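K.L.:
here's a sequence, model it:
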Amino acid sequence: MGNEARQPGWRTAAVVVGVAMILAGCSRGVYHRVRPGDSLYRIGKAYGVSVQALARANRLRDPSRITAGQRLFVPGARRQLPVHVITPSDVNAKAPRREELPPADGARLFAWPISAGSVTSGFGPRGESFHDGIDIAAAAGTAVLAAADGDVIYADALAGYGNVIIVRHDRGYATVYAHNRQNQAAEGARVRRGQQIATLGDSGRTTGPNLHFEVRRDNVARNPLYYLPPPTSVALAGPGSSAH
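P.N.:
Below is the predicted model of the structure:
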């Protein structure tokens, strides 16, 4: 059979392969099994996918109604993520109770996670969402320091947080360090207060080099400024600051 006679068959095969590649691209993603306490917002935040995209991919009429054990398709994701570790279960903007803090001996529960910088975005509502921590702007490459002794329970790269490290401390506390240029502490490592664990960067969704820092207790996000010493070499933001 001559080349001219083969062309229609080859063209058909090429079209089939092309369509298959397109379909494969459209269906890329993973299934996430919902755990107690998960919400579509938390799942979307961990994977860097909007609530609308999740609802659409799973044909959910009411995004607020998902149940533990349910499998949800997360478009674009490449691996399952521990949503219960990555994202806080809730937020609490109230000042901590006296019994939550150490005795008034001048010590604070946590140290500032960088030696010098400027808080450019505070804890609280931000647009239509809620900012679970504070953003501290500084030069790219600045050392990011552990705020207290603890164990690294997560160190990886995420769509929104970028390179992120989460450290678990005593008494149910955890701290989060995101947008790192480079993580320098591995999951499972024991770190000491003031130890360098990363370098400051602009990975993930951010407008410039900064450290996104969170304090959580029992996985509820709290305002980090309640737990840090009065600023000396770190400046607090003025009204209207919104960089993130």
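
K.L.:
which residues touch the residue sitting nearest the centre point of the chain?
P.N.:
The residue lying closest to the centre of the chain (Cα atoms, centre = their mean) is residue 161, at 3.8 Å. By Cβ atoms under 8 Å, 6 or more residues apart in numbering, the residues touching residue 161 are 86, 176, 178, 179, 204, 212. Quick note: C-beta positions are derived from backbone N, CA and C, even for glycine.

K.L.:
could you do residue 165 as well?
P.N.:
144, 152, 154, 155, 176, 177, 180, 183, 185, 197, 198 are the contacts of residue 165 under Cβ under 8 Å, 6+ apart.

K.L.:
hey, what's the fourth one bridged with?
P.N.:
According to DSSP bridges, residue 165 are recorded as the beta-bridge partners of residue 155.

K.L.:
before we move on, what about the fifth one?
P.N.:
In this structure, residue 176 has the following beta-bridge partners (DSSP bridges): residue 166, residue 214.

K.L.:
hang on, isn't it packed against residue 166?
P.N.:
Yes. Contact criterion Cβ atoms under 8 Å: residue 176 and residue 166 qualify, at 5.2 Å.

K.L.:
for stretch 40-57, which positions count as buried?
P.N.:
40-49, 51, 54-55, 57 (16 or more other Cβ atoms under 10 Å).

K.L.:
which residues are common contacts for residue 176 and residue 166?
P.N.:
Among the neighbours of residue 176, none is also in contact with residue 166 (Cβ under 8 Å, 6+ apart).
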